[in-house]
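>>> Sequence plus the predicted model coming up.
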Amino acid sequence: MRVPINISRFLGVNEQGNTTLKLGEAEIQNNWRLTDEYKPRVIEGYAELFEAIAAKSIQGMWYGKIAAAYHFLFACNGHVYDLDLTDNTYDDLGTLTDAPTFFFYFDGAVYIQNGTEYKKWTGTGSIATVTGYVPILAIATPPAGGGTPYEGLNNLTGEKRQWFSGDGAATQYFIAEQAVTSIDYVKNRVTGVNYTLTTHYTVDLTAGKVTFVSAPADLENNVEIKWTKGTGSRAAIEKCRKAIMYNGENDSRVFMWGNADNPNRRYHSGLADVSGTGGVPSAEYFPATNYYEIGTNEFTITDIIKQYDRQILVTNGGKAFYSYYDTGPTFPVYPLNDAIGNVAFGQGQLVLNTPFTVWNGVYRWVSTSVRDERNADYMSKRVQPSLDAVDLSTAITYDYEKMGEYWLAVGKTVWAYNYRLDAWYKFVLLDTPTCFLEVDGEMYFGTDDGRIMKFDTALRSFNGENIRAELYMGFTDAGVANRVKYLEESHIALKAEAHVNLDVHWETNKKVPKDTAKSIGYNNLDFDDIDFDDWSFDGNYNPQPFSVKTKAKDWVYFRHIFISDSDYYTAQIIEASFEPQVGGYL
């Protein structure tokens, strides 16, 4: 009796066992990506864009449009650079602390966080420190002081403003603070012209008083006084390492977290007074009272993920919360889950509008508006044995939307979850990624030695070195585990391309894959890098089947192993089929 077995649908890796896998699952799948048709294909190669600036990590990357042009920014060796992707040259935009760096765009500028400084770039010149919006503490203030409270103190600055309503008689105006550092200006808000010190007024810094030579007119909010006292509480914002734009149904505020001094605190910006300031972005205005403490400071907020009109907040203490916009506005926080959190700082991803976080494995949040211990799905069971062997708190993640893959990298290994196919596989790179960035469907990654790599389907190597792709299929017993089998040959179909080569091995419960390799493939004429000693006039680009002699006997379990190890050839497997002859009982 012969049992036909055909694998035309490959299902990715499952490390949970080798004799209990589904037909089409692999025990090992390294550097083989699945196509949308479930066909394994050797991953494309990558190459560096430029020689390393320094043997230090690429700390962060950003791409987007600013000042009417697209820019690729990256941080390395204590600098921010602007990379020209047309010729891979770069300009130095200025210095900052050499630390993991997060870029985000808001209202005409790119803002830069690194846990030490808070800077921005507007598309020209150099990066600059964010000095902060100067708040108007009170309006409609009588000369004697008081007034109607208007805006809160800004953490980012010690500068403040106050609007006064003159009465036509009073000459002494008292600001909201005493013992100030300086009175920076006094302005006539009707004409927009600043008064001149000594000529029009004198100051008493200790009393916080401005004395006019002539009393301002009897008008509402006709005088503005700006002063400085202290420097604000800049460290509250500068020490934050991550941000997200959110305000309920729109993105008009900036939320920040990751301050090591206040690890459980979420800060949020105010909305600047555009009528009086010319539209200063709220990314530069963080009122001193605009924060919320999530749980206790025993644990750190490791990420905040926006989903529809809600925020999902996760901590490294195994607790998750949700938050939303409420009138006021306030942003209340409620418990969501007491068992699952996130250990990899800033590595939450929103995949198809569903949050993914890293705990003891990868989890997908399926219900984020009601407290329920079942609202986090365990996604990484099939690759958990290898995830258990690494420190997931060091992971970096990315949603590679073009390929429909969620990437999780630790060291040189990338675990890729294809969420279109519900399949896992691994990429074992020759370089250590520090950050990923997709630009117009192309994947870039920074390395720990100061280079930026770009994946390219035209490349067959990892920056000049062989790509070793290993595919160990699961063992099969052909449906009869209590009888021995015999196999004369297998049939492997490959996608026809210009340069294809694949080593086919086989293994049984009795024989390891030593000296079982059969090399299959071909070279079609494509006029690229022709070697006249190694090509044919075969122009057939139809799928090509190959017969592989196996001579496997007296086995109970059998599997194929497919190896590609080259900087020149590629391979895509269409199907693998074989018909073992069933023999006697064990």
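Yes, it's here. Numbering: from 1, shown residues only.
>>> Any idea how many residues pack against Asp503?
18 (other Cβ atoms under 10 Å). In this view, the C-beta of every residue, glycine as well, is placed from N, C-alpha and C.
>>> which one is the residue nearest the centre of the chain nearest to, not counting chain neighbours?
Among the residues of the chain, the one closest to the centroid is Tyr398, at 4.8 Å (Cα atoms, centre = their mean). Nearest residue to Tyr398, sequence neighbours excluded (Cβ to Cβ, 6 or more residues apart in numbering): Phe436, at 3.8 Å.
>>> what mean pLDDT does whichever strand or helix holds that neighbour have?
Secondary structure from DSSP states H and E places Phe436 in strand 433-439. Across strand 433-439, pLDDT averages out at 98.
>>> what's the spacing between it and its chain's center?
8 Å (Cα atoms, centre = their mean, to the nearest Å).
>>> just stretch 361-371 next, same as before
19 Å.
>>> List the buried residues of it.
Neighbour counts over stretch 361-371 (16 or more other Cβ atoms under 10 Å) mark 361-365, 368 as buried.
>>> then the helix or strand containing His71 to PDB, C-alphas only?
Assigned by DSSP H and E, His71 belongs to strand 69-76. Provided in PDB are the C-alpha atoms of strand 69-76 (Å, rounded to 0.1, in the frame of the first residue of the first chain):
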ATOM      1  CA  ALA A  69      10.000  67.900   1.700                       C
ATOM      2  CA  TYR A  70      10.500  64.300   2.800                       C
ATOM      3  CA  HIS A  71      13.300  63.500   5.200                       C
ATOM      4  CA  PHE A  72      14.900  60.400   6.800                       C
ATOM      5  CA  LEU A  73      16.400  61.300  10.200                       C
ATOM      6  CA  PHE A  74      18.500  59.100  12.400                       C
ATOM      7  CA  ALA A  75      20.400  59.400  15.700                       C
ATOM      8  CA  CYS A  76      23.900  58.000  16.200                       C
END
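>>> For this structure, which helix or strand comes out least confident on mean pLDDT?
In the chain, the helix or strand scored least confidently by mean pLDDT, DSSP states H and E is helix 274-277, which has a mean of 48.
>>> isn't Asp184 right up against Gly158?
No - using Cβ atoms under 8 Å, Asp184 is not in contact with Gly158; the gap is 10.7 Å.
>>> and for those two, which residues touch both?
Thr228 (Cβ atoms under 8 Å, 6 or more residues apart in numbering).
>>> what sits opposite the closest residue in space to Ile340 that isn't next to it in sequence in the beta ladder?
Among residues not flanking Ile340 along the chain, Ala376 sits closest, at 4.2 Å (Cβ to Cβ, 6+ apart). Going by DSSP bridges, Ala376 is paired in beta bridges with Trp365.
>>> re earlier: quick check: which of the buried residues of stretch 361-371 has the minimum pLDDT.
Thr368 (71).
>>> Hmm, that residue is touching Asn337, no?
No - contact criterion Cβ under 8 Å: Thr368 and Asn337 do not qualify, at 9.2 Å.
>>> who touches both of the two?
Asn375.
>>> Just give the nearest non-adjacent residue to Glu224, would you?
Glu224 sits nearest to Lys187 (Cβ to Cβ, 6+ apart), 4.4 Å away.
>>> just checking, the one you found is part of a helix?
No - Lys187 is assigned strand when assessed by DSSP: H, G, I helix; E, B strand; the rest coil, not a helix.
>>> That one and Val210, how far apart?
Lys187 sits 11 Å away from Val210, going by Cβ to Cβ, to the nearest Å.
>>> what about these two, which has more around it?
Set side by side, Lys187 and Val210 show more neighbours around Val210, with 24 against 17, by other Cβ under 10 Å.
>>> Flag every buried residue along the helix or strand encompassing the more buried one.
In the assignment (DSSP H and E), Val210 maps to strand 209-212. Buried residues in strand 209-212, counted by 16+ other Cβ under 10 Å: 209-210, 212.
>>> Count the neighbours of Val390 for me.
15.
>>> The closest residue to it other than its chain neighbours pairs with what?
Spatial nearest neighbour of Val390, excluding adjacent residues (Cβ to Cβ, 6+ apart): Val410 at 4.3 Å. Per DSSP bridges, the residues bridged to Val410 are Thr413.
>>> what's the distance between Val410 and Gln384?
13 Å.
>>> Looking at those two now, which is surrounded by more residues?
Val410 (21 against 17).
>>> And the strands in the stretch 151-300 of the chain, which stretches?
Counting by DSSP state E, counting those that start in this stretch, the stretch 151-300 of the chain has strands at residues 159-164, 172-174, 182-188, 193-194, 201-204, 209-212, 223-228, 242-245, 254-257, 265-268, 291-293.
>>> hang on, the earlier thing: give the burial count for the residue nearest to Ile340, as a bare number.
24.
>>> Likewise for Thr327?
5.
>>> and if you look at the one 4 residues further on?
The number of residues packed around Phe331, counting by other Cβ under 10 Å, is 19.
>>> these two touch, right, it and His268?
Yes - here Phe331 reaches His268: they are 6.5 Å apart, a contact under Cβ under 8 Å.
>>> Can you work out which residues contact both of the two?
With Cβ under 8 Å, 6+ apart as the test, Phe331 and His268 both reach Tyr292.
>>> quick one: which of the buried residues of strand 209-212 is nearest Tyr246?
Val210 (39.8 Å; Cβ to Cβ).
>>> who touches that closest one in this structure?
So Val210 contacts 172-173, 175, 183, 186, 201-204, 225 (Cβ under 8 Å, 6+ apart).
>>> how about 10 Å then?
143, 164, 171-175, 183, 186, 195, 197, 200-204, 223, 225, 227 (Cβ atoms under 10 Å, 6 or more residues apart in numbering).
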